[in-house]
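Peer 1: quick one, what's the 3D model for this:
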Amino acid sequence: GDGNPPSPTPAPPPAQPPIAPARRYQAARTSLGNYARTGSRDDLKRGLGHYTATGLGGSAQATRRMARTAVNAGKLYGALSALSSGTALPADVPIDRAALAGRPAREIADEIARALQPPDGTQDAEASRDAISRSLSELLAAEPDVDMLALTPAQIDLVIQTYVGEDLCRRIDLDVGKTIIDKAPTLADGQSRLEDMKAYVRQEVARLFRARFDRGQRLSRQNAASLASGVIQSTFDVFEEYLR
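Peer 2: As a prediction, the model looks like this:
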């Protein structure tokens with residue numbers, strides 16, 4: 001040796017969620033299988049509870065796993081509010097406002113979704129982009145004359161809330177949705193139960209956003225990501241409560 005002290009141990013890499021045991025979704029699948037067969041709301045709730053508690057390792061761990069959703073909610077809020085106020089767009093959002101002016105709302109929505117979640121070949125990115133796209137589409141369906149480049153704060157709030165609900169539904173669907181389709185008496189029943197589950201999840205997310213708005217918490221460019229993360233955690237908390 002040359003007498004130098006040993007080099008400091010490198011910092012550990014950021015914690016990845018632990019690799020879960022293969023059967024981690026077993027309890028969730030059992031309850032969701034019962035729900036698929038009968039349509040019982042209690043089985044649905046139990047399934048979502050097991051999905052959170054044993055499938056994802058509890059609400060805090062589940063929220064960490066949805067970190068991309070919270071970050072995207074913040075980016076989406078930043079982009080929509082910048083487009084609406086005519087202020088500079090966040091540096092990491094490659095949208096040219098002038099190039100979008102005068103284009104159909106549907107095209108603008110697609111451009112926004114693509115800029116916020118560029119394709120990277122992963123299923124998560126695909127699902128995320130689709131959720132952004134759907135949240136904008138829902139606003140368009142409700143308000144066909146909406147100006148995508150001049151959304152009101154209430155419209156932006158609604159898009160963010162819809163996006164978080166959509167993305168959470170997609171995550172659950174990717175993890176355990178197949179069970180509902182497989183265990184239902186018919187394919188049509190399976191599709192309908194899956195839609196019912198998603199409607200239920202979206203409803204919970206919307207309710208928890210409203211609760212925060214009612215307490216005077218407002219979305220802003222500074223807090224949109226952390227508020228979305230708080231709502232995601234509250235939703236998983238509700239699901240875990242179903243097991244108590």
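
Peer 1: end to end on stretch 98-118, go ahead and measure it.
Peer 2: Counting by Cα to Cα, to the nearest Å, you get 20 Å between the two ends of stretch 98-118.

Peer 1: which stretches in the protein count as helices?
Peer 2: Here the chain has its helices, by DSSP state H, at 26-38, 41-50, 59-65, 67-85, 97-100, 105-116, 123-142, 153-172, 178-183, 187-214, 224-241.

Peer 1: mind checking those for the one nearest to Ala91?
Peer 2: Set against Ala91 and scored by Cβ to Cβ, the helices of the chain come closest in helix 67-85, at 10.2 Å. Where you see a C-beta, it was placed from the backbone N, CA and C, and this is true even at glycine.

Peer 1: which helices and strands does the closest one pack with?
Peer 2: Contacts defined by 3 or more Cβ pairs under 8 Å, 6 or more residues apart in numbering; DSSP states H and E place helix 67-85 against helix 105-116, helix 123-142, helix 153-172, helix 224-241.

Peer 1: OK, contacts around the residue positioned nearest the centre of the chain?
Peer 2: For the chain, Asp167 is the residue whose C-alpha lies nearest the centre (Cα atoms, centre = their mean; 2.8 Å). By Cβ atoms under 8 Å, 6 or more residues apart in numbering, Asp167 lies in contact with Met66, Thr69, Asn72, Ala127, Ser128, Ala131.

Peer 1: show me what contacts the last one?
Peer 2: I take that to be Ala131. Applying Cβ under 8 Å, 6+ apart to Ala131 gives the contacts Thr69, Tyr163, Glu166, Asp167, Arg170.

Peer 1: how about 7 Å then?
Peer 2: Contacts for Ala131 (Cβ atoms under 7 Å, 6 or more residues apart in numbering) come out as Tyr163, Glu166, Asp167, Arg170.

Peer 1: same check, this time on Thr87
Peer 2: For Thr87, the contact set (Cβ under 7 Å, 6+ apart) is empty.

Peer 1: that one and Ser81: what is the separation?
Peer 2: Plainly put, Thr87 is 8 Å away from Ser81 if you go by Cβ to Cβ, to the nearest Å.

Peer 1: and what of Arg97?
Peer 2: 12 Å.

Peer 1: looking at those two, which is more packed in?
Peer 2: Taking neighbours as other Cβ atoms under 10 Å, Arg97 and Ser81 compare with Ser81 leading, 19 against 15.

Peer 1: now that one: how far from Thr52?
Peer 2: Using Cβ to Cβ, we find Ser81 at a distance of 31 Å from Thr52.

Peer 1: likewise for Asp167?
Peer 2: To Thr52, Asp167 is 16 Å away according to Cβ to Cβ.

Peer 1: cool, and Arg212?
Peer 2: 20 Å.

Peer 1: more neighbours, those two?
Peer 2: More crowded of Arg212 and Thr52, by other Cβ under 10 Å: Thr52, with 26 against 16.

Peer 1: ok, for that one, nearest residue in space, not its chain neighbours?
Peer 2: With Cβ to Cβ, 6 or more residues apart in numbering as the criterion, Thr52 has its nearest non-adjacent residue at 4.3 Å, and that residue is Phe239.

Peer 1: which residues touch that neighbour?
Peer 2: If a contact means Cβ under 7 Å, 6+ apart, then Phe239 has Leu48, Gly49, Tyr51, Thr52 as its contacts.

Peer 1: likewise Asp110?
Peer 2: Counting by Cβ under 7 Å, 6+ apart, Asp110 makes contact with Ser133.

Peer 1: at 10 Å instead, please
Peer 2: Arg103, Pro104, Arg129, Ile132, Ser133, Leu136, Ser137 (Cβ atoms under 10 Å, 6 or more residues apart in numbering).

Peer 1: hmm, which of the residues you listed is lowest in pLDDT?
Peer 2: Ranked by pLDDT, these bottom out at Arg129, which has 89.
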